[in-house]
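Undergrad: Model the following, please.
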Amino acid sequence: MLNIYPFKYLATGCTFAALALHFQRGERTIGAIVEETTKAVWDVLKGDYMKMPNHQGWKRIADRFYELWQLPNCLGAIDGKHIRIEQFPNSGSANYNYKNFHSIILLGCCDADGLFTSVECGFAGRNSDGGVFRISEFQHWLERTCDIPSPKELPLDESGIKFPYYYVADAAFPLRKNIMRPYPERNLDNRKRIFNYRLSRARKNIECTFGMMTQTFQIFMSPIRCKKYSTIISIVHCATVLHNYIRQKDGVLYSRQLFNSANTRPSNAPMRSDVVATENSSPQILRDYLSNYFLSPHAALPWQWKYCV
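TA: Predicted coordinates for the structure are as follows:
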């Protein structure tokens, strides 16, 4: 039977000292129970509630992104979150981040319904999201995986060009064939602004997922006070898999009506340019092709032109 201490600790964000007084146990005993239980929860639940999707699972995720956010061939949203911690003894500035507090970084990827598909935790807070991604297991998996579906045509695209499946990320991540990031803020035209808007509709899912987890587990609202690095990693892993468990058990799936975007383009909107792209094209060409696809009558959203300046 699992002990109640770790769940009270996750839900309320109280200290080990407060739990020790409440349950009449020693602080070191409480800390050992929290570490053991959170690790056990992660080990037991991750196979059912955070397993890596198979070939068909990736296609279902991409279909959900298109159904909810009208972003085709998208496999997930990636971002890093700084988990606030108290400074470890003799750690110096290793975990001191640009937000002016000590932290470790959680690198997470989620689907269109706010469920984590993969997480990695334990990176020093002084690192950037892009730096963490370059040394992560997720990056190595992305380079060598063969489970991701083969490129396919974008919905209603008349050119017949097969476009690769990809993840969406913010500007801190590199631009690759399987990672789409927004255009830089300088020298933006209307095409690039619309692309950034369409991309952000899907990318905000990971921000919302982090936010929902933080609100559910109040421990993330204040610095985590643990003397062992492994305990903090176990706590974070446990919270992510419990987030998936709660979301799936509560029933979170919903549908959104797809808008018929035909004939919604203003008369002065730019016409789609002829960008030649293939699945082996450079990431820049693939991004340009996708941005032009969003301007076509069959892919444009009725309200996207409001984001042009």
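Undergrad: pull the longest helix from this protein.
TA: In the chain, with assignment by DSSP state H, the single longest helix is helix 190-216.
Undergrad: for that helix, packing partners?
TA: Secondary-structure packing of helix 190-216 (3 or more CB pairs under 8 Å, 6 or more residues apart in numbering; DSSP states H and E): helix 55-69, strand 74-84, strand 103-110, strand 166-168, helix 229-250, helix 283-293. C-beta: built from backbone N, CA, C; applies to glycine.
Undergrad: can you rerun that using 6 Å?
TA: helix 55-69, strand 74-84, strand 103-110, strand 166-168 (3 or more CB pairs under 6 Å, 6 or more residues apart in numbering; DSSP states H and E).
Undergrad: tell me the angle the following helix or strand past the third one makes with helix 190-216.
TA: Along the chain past strand 103-110, the next helix or strand (assigned with DSSP states H and E) turns out to be strand 116-124. Note on geometry: by axes from the mean of the first three to the mean of the last three CA atoms, to 10 degrees, strand 116-124 and helix 190-216 are set 80 degrees apart in direction.
Undergrad: Quick one: distance of whichever helix or strand comes after strand 116-124 to the chain centre.
TA: Next helix or strand after strand 116-124 toward the C-terminus (DSSP H and E): helix 129-134. Its chain's C-alpha centre and that of helix 129-134 lie 13 Å apart, by CA atoms, centre = their mean, to the nearest Å.
Undergrad: Just the C-alpha atoms of helix 129-134, please, in PDB.
TA: C-alpha atoms of helix 129-134 as PDB (Å, rounded to 0.1, in the frame of the first residue of the first chain):
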ATOM      1  CA  ASP A 129      16.400  25.100 -23.700                       C
ATOM      2  CA  GLY A 130      18.400  24.700 -26.900                       C
ATOM      3  CA  GLY A 131      21.400  23.500 -25.000                       C
ATOM      4  CA  VAL A 132      19.400  21.100 -23.000                       C
ATOM      5  CA  PHE A 133      17.800  19.700 -26.200                       C
ATOM      6  CA  ARG A 134      21.200  19.100 -27.900                       C
END
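Undergrad: gap between residue 289 and residue 302?
TA: Distance, residue 289 to residue 302, using CB to CB, to the nearest Å: 22 Å.
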